[in-house]
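1. A structural model of the following input is requested.
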Amino acid sequence: MRRKSGNGSQVIALRVEPTIEQRLRLLAETTGRSESFFLKQLIEKGIHAMEDAWLPREVVAQVRSGNLPAQQHGTTFDLFDNSIRDR
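-> Numbers count the residues shown, from 1 in each chain. Down below sits the predicted model:
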């Protein structure tokens, strides 16, 4: 479920294994930062690598140029033959 927060950002909920949550909480408590801070860092620094691994080159080029393609509900990219197939 996605909801808008007061600052224009999107709120995204996800489930993680208890050990991941404990590690995240320890990191936050030890550093005095919020768990959200570290999750945002993970996403912002990791999305570039995930785009390179999971999206076709043409789509990555569009994203990096600032032209986000329209969302493609109901389709996935087949990483083995670079075509789109319906779910």
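
2. buried stuff in the one helix or strand Thr19 maps to?
-> According to DSSP states H and E, Thr19 maps onto helix 18-31. Neighbour counts over helix 18-31 (16 or more other CB atoms under 10 Å) mark Leu24, Ala28 as buried. For every residue, glycine as well, the C-beta is placed using N, CA and C.

3. could you list the low-pLDDT ranges of this protein?
-> Low-confidence segments of the chain (pLDDT under 70): 1-6, 72-87.

4. which residues are contacting the helix holding Thr19?
-> Val16, Arg33, Ser34, Glu35, Phe37, Phe38, Leu39 (CB atoms under 8 Å, 6 or more residues apart in numbering).

5. now do the buried residues in whichever helix or strand comes after it.
-> Per DSSP H and E, the first helix or strand lying C-terminal to helix 18-31 is helix 35-54. Going by neighbour count (16+ other CB under 10 Å), the buried part of helix 35-54 is Phe38.

6. packing partners of helix 35-54?
-> Applying 3 or more CB pairs under 8 Å, 6 or more residues apart in numbering; DSSP states H and E, one finds that helix 35-54 makes contact with helix 18-31, helix 57-64.

7. residues contacting Gln62?
-> Leu68, Pro69.

8. any idea how far it is from Ile43?
-> 20 Å (CB to CB, to the nearest Å).

9. and Ala70, that's in a helix?
-> No: counting by DSSP: H, G, I helix; E, B strand; the rest coil, Ala70 falls outside a helix, being coil.

10. what are the phi and psi angles of it?
-> phi -60, psi 150 (degrees, to the nearest 10).
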